[in-house]
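Participant: Provide a 3D model corresponding to the input given below.
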Amino acid sequence: MIPYGFHDIGEDDIKAVVKTLQSGWITQGTKTGEFEEALADYCGASYAVVFSSGTAALHGAYAAAGLGSGDEFITTPMTFAATANAGVFLGANPVFADIESDTGNIDAAAAASLITNKTKLIAAVDYAGHPFDGKALFEASVKHGIIIVEDACHALGALSMADDGSWKRTGSCLYCHMAVFSFHPVKSITTGEGGAVLTNDKVLYDKLKMFGHHGITKSMDDFQYTPDGPWYYEMQTLGYNYRMTDFQAALGISQLKKLDRFIERRRDIACFYDNAFRGNRYFDIPIERDYAKSAYHLYPIRLKDEYKDYKRLIFSQLRERGIGVQCHYIPVTHHPFYRSRGYTAHCPNTDDFYSRQISIPIFPGMTDDNTHLVRDKLIEAFNGAK
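Facilitator: Down below sits the predicted model:
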C-alpha cells in the first residue's frame, strides 16, 4: 500500500534523538529553545513557541488572542476538527465561512461578511499546503480589530507573495498575527507529535509561552509579588502542560535542515501529476494561485460531474489496488458534535468540494516508480467505474 502521506526519517534524525536522550536532558533542556530559534529564523518571524501538538498550538494561539466564552470566531468547515475545537475549548462559538471552490481555502469575502461585534478572530486554513488569500482577509481584520490566526499546519515550506513582489515563507506572519504549524508524521517535517506558533508580536509571544507552561513565569521582571527566594516562580494565569520534549525538538531541528529538499520533492511529484492528469475527463487537478507556492501537503483531486456519484466506488477500488487514498475532509459541520449543538452553516462550495475530493499519495519518499503506479492505477480505477 502506498499511503497518501508518510514521514521521512533518516539516520541523521535518529542520531540527533539518541544524542539528546543520552545527554541527561530529555525535557526542559536547551533543545526546545534551539528549535524555536531555528523555526523563527527559517520562516522569517520574530518569535516561535513550540507545543506538544498542532492542536495544542491552536489552543494556545486562540487563548493568546483573548478568545473566550461568548466570543465568536470565523473559520472554515473544510479542515480537520481541531481548527474549530480549539476555539470551543475556550467557550467560544465557531462561525463557518464557505470556501473557494478550487483551492479549498476560506473565501475571504464570505468570511468578511460574517463579522459581527462578537467576532474575536478568524482562523484561516492553508488547505493542502496552499496559502490562503491573506491580503484581502487581513485588510478586513484591521478594519474591525480582529486577530488573524493562520492555520498553516499543512503549509510549512510554502510561500506567499508580498506587495513588493518578494516571496515570504509561511510563518513570517505576512498577513496574520499568528501562524500555527503541526509536526505530525505526515506533515512537512515531523517531531512525532508537536506543533508551533509563530508571531512578530512580543505580547502574544509572552502569552503563548506562559499558556503552554502551566501559566507559570520564572522571570523576575514579570513577578507580581516579592520573591520568597531564588526558587521562586509564579502561576499568573490558568495554563496547560503543552511542552514539547527535548528529544522531539532534536528531531525537529534535524528535520528542519531537510525541509527545502522535502518541499522540492513534493513539488516535483505534484508537477508529474499535473502533467500526467491535465485535461483528463475524470477529475480536476489542484490549482496554484499566482500569489502562492504550495507546500503540497496533499494532492487533492476533485471528481468531475459525470463521476461525482462514483466517489465511494473509485475510492474503494484504489485502495484495493494498493493506492492509499484518503478524503480531506469531512466538513466540521457534518460531525455529530457540531450538528447536535446547532453549529450548521450554508456552505454549498464546501459540501460540493467534499462530495468530489480524494487525496492521492504525495510525500518526499515516493519513488518515480511509485508515482507512475499511482498514475496507472488511478486511470485504471476510473476506467472501471462506469
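
Participant: When you work out contacts or count neighbours from here on, use the C-alpha atoms and nothing else.
Facilitator: OK.

Participant: Give me the below-cutoff pLDDT ranges for this protein.
Facilitator: 386 (pLDDT under 70).

Participant: Find the residue at the geometric middle of it.
Facilitator: Cys153 (1.4 Å; C-alpha atoms, centre = their mean).

Participant: Do a quick rundown of the helices in the stretch 1-150 of the chain.
Facilitator: With helices called from DSSP state H, counting those that start in this stretch, the stretch 1-150 of the chain shows them at 11-21, 31-43, 54-64, 82-88, 108-113, 134-144.

Participant: May I have the fourth one as PDB, with CA atoms only?
Facilitator: In this case it means helix 82-88. Extracted in PDB, the C-alpha atoms of helix 82-88 (Å, rounded to 0.1, in the frame of the first residue of the first chain):
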ATOM      1  CA  ALA A  82      -9.100  20.700  15.700                       C
ATOM      2  CA  THR A  83      -9.300  24.100  14.000                       C
ATOM      3  CA  ALA A  84     -12.700  24.600  15.400                       C
ATOM      4  CA  ASN A  85     -12.300  22.500  18.500                       C
ATOM      5  CA  ALA A  86      -9.500  24.800  19.800                       C
ATOM      6  CA  GLY A  87     -12.000  27.700  20.000                       C
ATOM      7  CA  VAL A  88     -14.700  25.600  21.600                       C
END
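
Participant: what helices or strands is it leaning on?
Facilitator: helix 54-64, strand 72-75, strand 93-96 (3 or more C-alpha pairs under 8 Å, 6 or more residues apart in numbering; DSSP states H and E).

Participant: Distance to Pro185 and mean neighbour count for the helices of the stretch 1-150 of the chain - can I get that in TSV?
Facilitator: Output for the helices of the stretch 1-150 of the chain, formatted as TSV (distance: least, C-alpha to C-alpha, whole Å; neighbours: other C-alpha atoms under 10 Å):
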stretch	distance to Pro185	mean neighbour count
helix 11-21	13	16
helix 31-43	17	20
helix 54-64	12	27
helix 82-88	16	22
helix 108-113	30	17
helix 134-144	27	17
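
Participant: Between the helices and strands packed on helix 82-88, which one is closest to Leu373.
Facilitator: helix 54-64 (32.3 Å; C-alpha to C-alpha).

Participant: what packs against that closest one?
Facilitator: With contacts defined as 3+ C-alpha pairs under 8 Å, 6+ apart, helix 54-64 has these neighbours: helix 82-88, strand 147-151, strand 178-182, strand 195-199, helix 202-211.

Participant: hey, which of those is tucked in deepest?
Facilitator: Highest mean neighbour count of the helices and strands packed on helix 54-64: strand 178-182, a mean of 32 (counted as mean count of other C-alpha atoms under 10 Å).

Participant: For the closest residue to Tyr242 other than its chain neighbours, give me its contacts.
Facilitator: Excluding the flanking residues, the one nearest Tyr242 by C-alpha to C-alpha, 6 or more residues apart in numbering is Gly212, at 4.6 Å. Counting by C-alpha atoms under 8 Å, 6 or more residues apart in numbering, Gly212 makes contact with 51, 60, 239-243.
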